[in-house]
Structure formats: C-alpha cells, structure tokens
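**Q** Sequence and predicted structure below; questions after.
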Amino acid sequence: MRRREIHTIGWREWLALPDLGIKRIKVKVDTGARSSSLHAFDVQTYKNNSREYVKFKIHPEQRNSKRTISCKARVLEYRKVKSSNGQSEHRPVILTSAKLMGEKWPIEVTLTNRDEMGFRMLLGRESIKKKFLVDVSQSFLGLKSFPKRK
C-alpha cells in the first residue's frame with residue numbers, strides 16, 4: 001500500500017472553493033478552531049423539493065467590498081458555534097469542495113459575518129486533518145498552485 005504524501009501548509013494560505021465560484025480566497029489556517037467558517041452576508045434560506053438551501057454573498061478579498069460573488073448551497077445542518085470572542089451563534093453549515101496544492105476535497109463550512117475579522121475565511125482543523133501539516137512559521141506555501149491576480 002502506497003502512502004499518500006502529506007503537504008505542509010503555512011498559517012495563512014490561498015484556497016479555492018470551486019463549487020462556490022471562488023477562485024482564490026485568503027484563509028487563516030486555524031488548528032484551534034474545529035470547524036471552518038466563511039464570511040457571508042445577505043444570507044437567505046429557502047426550500048426546494050423539501051430540502052433546505054442557502055443563498056448568500058461574499059466579498060472574497062479583504063478590505064474590498066466592490067467584488068461580490070453570489071453563492072448557493074444545500075444546508076447540511078445548523079451548528080452552534082462559539083466564536084473567538086466567546087459568543088455563541090447558530091450557523092448554517094454547507095458542504096463544498098476546497099482546492100489547495102493540487103488537492104481537492106470536500107469540507108464543511110459554517111457561514112457567518114466576518115467583516116470585522118482579519119480573514120474572510122478560517123480553515124479549521126477538521127478540514128485539514130490527515131491532509132496537511134501546518135508550519136506556523138510559514139505563509140502561502142501553496143501560492144504556486146494559483147494563477148497570478150490580474
């Protein structure tokens with residue numbers, strides 16, 4: 001049996017979320033956070049064939065509210081999440097694909113407003129478990145796998 005190579009990533013990386021139409025978003029890799037969270041606003045849930053969905057918008061670039069991406073996804077569940085400031089919030093959870101360093105895999109992401117936070121997305125430890133090692137002294141180790149910004 002061949003062992004899969006485990007890549008090393010830094011404490012911040014560029015990640016793609018292809019199912020949501022996000023070619024690159026700067027994420028903070030947070031091994032202290034169990035779940036991943038994505039900045040979302042104008043969040044609206046709706047039903048389709050008795051299944052619950054969510055539509056929302058994101059600004060994929062920090063400190064840039066001009067570029068907006070509209071997204072839709074099926075709601076897996078709602079989860080009570082305690083934020084870094086100690087506040088509990090009931091958040092929708094979606095399943096989407098993530099892409100980094102040539103790897104593409106499904107991740108669960110909670111949706112919340114992260115306007116006041118330093119990163120539009122946190123990549124929690126459950127999303128990277130058994131896939132990546134984190135070198136907290138490094139940043140953007142996967143940058144080569146992303147197209148240059150225009």
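**A** Ah, there it is.
**Q** Spatially nearest residue to D30 (excluding sequence neighbours)?
**A** L122 (4.7 Å; Cβ to Cβ, 6 or more residues apart in numbering). In this view, the C-beta of every residue, glycine as well, is placed from N, C-alpha and C.
**Q** Test my guess that the one you found contacts K28.
**A** Yes - judged on Cβ atoms under 8 Å, L122 makes contact with K28 at a distance of 5.4 Å.
**Q** so what's the residue nearest to D30 scoring on pLDDT?
**A** Here the pLDDT value assigned to L122 is 93.
**Q** again, but for E89
**A** Reported pLDDT for E89: 85.
**Q** what's the helix or strand for it?
**A** strand 88-100 (DSSP states H and E).
**Q** go on, M117?
**A** Per DSSP H and E, there is no helix or strand for M117.
**Q** Identify the bridge partners of the residue nearest to S35 when sequence neighbours are not counted.
**A** Nearest non-adjacent residue to S35, counting by Cβ to Cβ, 6+ apart: G124, 4.6 Å away. Per DSSP bridges, the residues bridged to G124 are D30.
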